[in-house]
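Predicted model, plus sequence, below.
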Amino acid sequence: RKLIGKGQAGSVIRNLLLDLHDAHESTIEEKKNELFPNKQRLTQADQQVLKGISTEWRQLKEILSEVFHVNLYVHDFDSQFHNFVSVDVIDLIKNPDTQEKERNNSSKRDLMVEGSGFLQWLSVFALALDKNNDVLLLDEPDAHLHSSLQSLLMEKLERICEESNKQILMVSHSSDLIKLIDYQKVLHVEASKAEYLKNNEEK
């Protein structure tokens, strides 16, 4: 837990975020050229169309906004001039007039000062949303998380699986979490045998 977000583990999280962000920028640029070829200036309606395009980066930001009320900002990275990827976390506040969440720029801080629970959550979802990963093996990603966050973690991972046709195999010792999961999705491993549960009572 102490090393999450620091050293190599921290580099992995920051690089994952940079990859997701760069893939998002490329997708939006491609769509812009496809939908509005040779257009120098985009109208507000055009920009709204581009804002409606779903990318993995936008899905991650949506999850973080909903659960932690924060936004991520990835700084430009050029390997010739920079020796590490810099990512900031910014708190979101609800505008009473529009009811939309807006950035509180005075709260900007480096990703690495966040708590281990947030960094753990972030790394799980960055990996789950990465297009390069079809199958994820997660070893107790719910450990050290509050029970309310554990259930949200499962709910959102299941949604990603359904929408992106991915498979997640996850080990958990949380009885609260196991109670929430459909028994047909629980694989009981004992000695050399592994079997899905046959009924709810087997939990």
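Noted; the coordinates are in hand.

Pick out the residue nearest the middle of this protein.
Compute the mean C-alpha point of the chain, and by C-alpha atoms, centre = their mean the closest residue is Phe125, 3.1 Å away.

Double-check that that residue belongs to a helix.
Yes - inclusion of Phe125 in a helix is indicated when DSSP: H, G, I helix; E, B strand; the rest coil is applied.

hang on, it packs against Leu152?
No - between Phe125 and Leu152 no contact is recorded; they are 10.8 Å apart, counting by C-beta atoms under 8 Å. For glycine as for every other residue, the C-beta is placed from the backbone atoms N, C-alpha and C.

what are the ranges of the helices in the protein?
With helices called from DSSP state H, the chain shows them at 7-35, 44-51, 56-68, 116-129, 147-164, 175-180.

Ranking these by mean neighbour count, which comes first?
For these, ranked by mean neighbour count under the definition mean count of other C-beta atoms under 10 Å, the leader is helix 116-129 at a mean of 20.

so where's this structure uncertain?
For the chain, the stretches with pLDDT under 70 are 1-9, 99.

Report the contact partners of Ile28.
Counting by C-beta atoms under 8 Å, 6 or more residues apart in numbering, Ile28 makes contact with 50, 53, 55.

Now for Asn199, how many residues are close by?
Residue neighbour count, defined by other C-beta atoms under 10 Å, stands at 8 for Asn199.

What separation do you get for it and Asp182?
Asn199 is 11 Å from Asp182, where distance means C-beta to C-beta, to the nearest Å.

got it, and Ser148?
Taking C-beta to C-beta as the measure, Ser148 and Asp182 are separated by 20 Å.

what do you get for Glu56?
Using C-beta to C-beta, Glu56 is found at 26 Å from Asp182.

Can you convert the contacts of Ile28 into TSV and add a column each for distance to Thr98?
Formatted as TSV, the entries for those read as follows, by distance: C-beta to C-beta, whole Å:
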residue	distance to Thr98
Leu50	20
Ile53	22
Thr55	24
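
hang on, the earlier thing: so for Leu136, which of the helices of the chain sits nearest?
helix 116-129 (5.9 Å; C-beta to C-beta).

buried ones in the lengthiest strand in the chain?
Longest strand in the chain by number of residues (criterion: DSSP state E): strand 87-94. Neighbour-count burial for strand 87-94, with 16 or more other C-beta atoms under 10 Å as criterion, is recorded at 87-92.

Next, give me the two most distant ones among the residues you listed.
For these, the maximum inter-member distance is 15.9 Å, found between Val87 and Leu92 (C-beta to C-beta).

thought Leu197 was touching Lys203?
Yes - contact between Leu197 and Lys203 holds when scored by C-beta under 8 Å: they sit 6.6 Å apart.

which residue sits closest to Asn123, ignoring its sequence neighbours?
For residue 123 the amino acid is Ser, not Asn. The spatial neighbour of Ser123 that comes closest, neighbours along the chain excluded (C-beta to C-beta, 6 or more residues apart in numbering), is Ile13 at 5.0 Å.
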